[in-house]
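[1] The sequence and its predicted three-dimensional model are supplied below.
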Amino acid sequence: MIGAVDEPARATSRLAARVKDALRPLAAALPQLSALPSWPRSMRVLKHHGFSPASVFDIGVAYGTFPLYRAFPDAFYYLVDPAKESLAYMQRLSGQLRCEVHAVALGDRDGEADLEVRADIQESTLLGEIGPRSVRRMDRVPLRRFDSLFTRIARPALCKIDVQGAELMVLSGMTGRLAEIDALVIETSTIATVVGGAEVEGVVRFLGDHGFCLADIVGLRRRPLDGATAQLDLLFMPRHAALFRDRRWAATP
């Protein structure tokens, strides 16, 4: 009787294995099989491990980081972007989120800096571009260190940084408060396209020296020049985070 009961289960398992083998050559084209990076997928991983931020710092807002707002609608947001065009978007977001708006650039010192404003404000940068670009104008903008601008941080805290090559400048200005950040999502480059721009190796090394580990790839962009991967959105968390404590590959069947 036991064998009769087990046989349908074994047949189902064999069928599933055959289907998986048949689909294997197509895995790279099927998101669910290839586990392609995505904001919703990475945010679900954080939630699975009980992460629910009280504070979210959106550094480099441009038009808005909507996958982040959808994932954590109850958090308090600090919206930071120096571009004049972005201010209108941040003010509009203030009607949808609990937030503060800061029309400043973040860096490794307090003072001022030149911002190269692009036709697409999402590409505006404190650093000079390598190669052709469409520049709207140069603006002189206030520059602040994160740790002098934000003196109280409600935990848990998540910080997203998208600053077109100036990631290490921003991180250097966070050192006084970095221990109070529980997750970082940083856009950085595999191939920097701005003069002196940060690249993945330097960002990983800096954060490793401050107790953070790479936890996930949230997204990627390829450059139009040749289709090479040029930018990655990377999730970092402290070494002691819950995500790293569970070392299993899969749950017990």
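    Arrived safely.
[2] Can you show me the helices along the stretch 51-200 of the chain?
    In the stretch 51-200 of the chain, the segments counted as helices under DSSP state H, counting those that start in this stretch are 66-71, 84-93, 146-149, 167-172, 200-209.
[3] Quick check: which of those is buried the most?
    Stretch with highest mean neighbour count among those: helix 167-172 (a mean of 23; mean count of other CB atoms under 10 Å). Every C-beta, even on glycine, is put in place using the N, C-alpha and C of the backbone.
[4] Give me the contact list for that helix.
    Contact with helix 167-172 is made by 59, 106-108, 126, 146, 161, 163, 178, 186-188, 198, 202-203, 206-207, as judged by CB atoms under 8 Å, 6 or more residues apart in numbering.
[5] how about the strands in the stretch 101-250 of the chain?
    105-107, 111-118, 135-145, 157-161, 183-189, 212-222, 229-238 (DSSP state E, counting those that start in this stretch).
[6] tell me, what residue is most central in this structure?
    V185 (2.8 Å; CA atoms, centre = their mean).
[7] What pLDDT is listed against the residue lying closest to that residue once chain neighbours are set aside?
    Spatial nearest neighbour of V185, excluding adjacent residues (CB to CB, 6 or more residues apart in numbering): K160 at 4.5 Å. What the model reports as pLDDT for K160 is 98.
[8] Is L158 bridged to anything, and to what?
    Beta-bridge pairing of L158 under DSSP bridges involves V56, A183.
[9] number of nearby residues for it?
    A count of nearby residues for L158, using other CB atoms under 10 Å, gives 26.
[10] My read is that it contacts L184, right?
    Yes. Between L158 and L184 there is a contact at 7.5 Å, judged by CB atoms under 8 Å.
[11] Tally up the residues packed near the residue nearest to V185, please.
    K160 has 23 neighbours, counted by other CB under 10 Å.
[12] and it, what is it in contact with?
    K160 makes contacts with 56-60, 65, 68, 184-186, as judged by CB under 8 Å, 6+ apart.
[13] Give the ChimeraX command for selecting the buried subset of the residues you listed.
    Entered in ChimeraX, the line below selects the buried ones among the contacts of K160, by 16 or more other CB atoms under 10 Å:
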select :56,57,58,59,60,65,68,184,185,186
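[14] now the strand or helix carrying L15: mean pLDDT?
    Assigned by DSSP states H and E, L15 belongs to helix 2-23. For helix 2-23, the mean pLDDT works out to 69.
[15] what are the bridge partners for I217, then?
    L234.
[16] whoops, I mixed them up, T188
    Residues in beta-bridge contact with T188 (DSSP bridges): L232.
[17] I figured it hits Q231, correct?
    Yes. With contact defined as CB under 8 Å, T188 counts as touching Q231 (7.1 Å).
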